[in-house]
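J.: Pasting the sequence and the predicted coordinates here, then a few questions.
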Amino acid sequence: MLRAIRWVAIAVVASSAAVLAQGGDKELVATITGPMLNGGIVVGLAWDGGTLLIQSAAMEPGGALKSGYLTTEGKGMEVVALKQAPVGLDRYWKMKANRVSPTGFGKITAARDSKLPMFGVASLERRLADAHSMGGTMQTHELRLRELVIHVRNGDVEPYDGEVWSWSPAELNRIAYVDGRGDLWIARADGRDADRLMKGQFTLPAWSEDGRTLAVAERKDAGRRWEISVIHLADKHRR
């Protein structure tokens, strides 16, 4: 259950500690744990100029949701509270999470499929009984960018808009996305030239407004710790 909503902001700068990755350099910029999460999860990444914004969500004991805002400044990356939402946050999120690219060349479509679980060869009656005992039919959610499948997920809940993709600035005309395994990819906005940047268990890709970096989150220790990294993109992904 979610207990509160808050944003954390980090001023991102280049670091010599970056890890060389296929297609770019990966740099760990924040680890979110304990009181910062308040028992919740990280649900969003966004950019406000050169500042990376991190949203976590949790539900308060009474069931109400409220917002909080945090920032980090300086070499030590100390987290401090903000009094209000950063300017431009809503505009950025609408661009990142839209199902149509800023240029209009790409459109994300969703499809859902339901099927009975298969437990070897059995009659329909047996399969229906098995499905009932296992909680019902199996749901598969598929996201496509034209002919390109960008994400497949099994379960009752489909990815929310912006969870597994982010559009680049319009002049780059690209998309960053996370596939069903958690690997990070970049493709043209029309689905061409898909290129895997790196393997992992990534989520919440967020393309910076200058087009030079991608932010990603990684869930660690069953959600008790989240690592936030930025990937400094190679030239081929910024042309």
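T.: Structure received.
J.: which regions of this protein sit below the pLDDT cut-off?
T.: Residues of the chain meeting the criterion pLDDT under 70: 1-24, 34-39, 59-85, 115-137.
J.: for it, what spans make up the helices?
T.: With DSSP state H as the definition, the chain shows helices at residue ranges 89-97, 124-133.
J.: Let me see the contact set for the nearest residue to residue 108 once chain neighbours are set aside.
T.: Nearest non-adjacent residue to residue 108, counting by C-beta to C-beta, 6 or more residues apart in numbering: residue 99, 4.4 Å away. No exception for glycine: its C-beta is placed from N, CA and C like everyone else's. By C-beta atoms under 8 Å, 6 or more residues apart in numbering, the contact list for residue 99 reads 107, 108, 109, 161.
J.: The second one pairs with what?
T.: Yep, that's residue 108 we're talking about. Residue 108 has these beta-bridge partners by DSSP bridges: residue 145.
J.: With residue 210 as the reference, measure out to it.
T.: Remark: distance between residue 108 and residue 210 (C-beta to C-beta, to the nearest Å) = 24 Å.
J.: do residue 102 as well
T.: 15 Å.
J.: Neighbour count for the two, which is higher?
T.: Legend: neighbour count by other C-beta atoms under 10 Å for residue 102 and residue 210, higher for residue 102 (17 against 11).
J.: these two touch, right, the more buried one and residue 94?
T.: No: counting by C-beta atoms under 8 Å, residue 102 stays clear of residue 94, with 10.2 Å between them.
J.: what touches both of the two?
T.: What both residue 102 and residue 94 touch, as defined by C-beta under 8 Å, 6+ apart, is an empty set.
J.: picking up where we left off before, scan the contacts of residue 99 and report the most crowded one.
T.: residue 108 (23 neighbours).
J.: Could you verify my assumption that it touches residue 142?
T.: No: with contact defined as C-beta under 8 Å, residue 108 does not reach residue 142; the gap is 10.7 Å.
J.: Now residue 162. Nearest residue, chain neighbours left out?
T.: residue 97 (2.8 Å).
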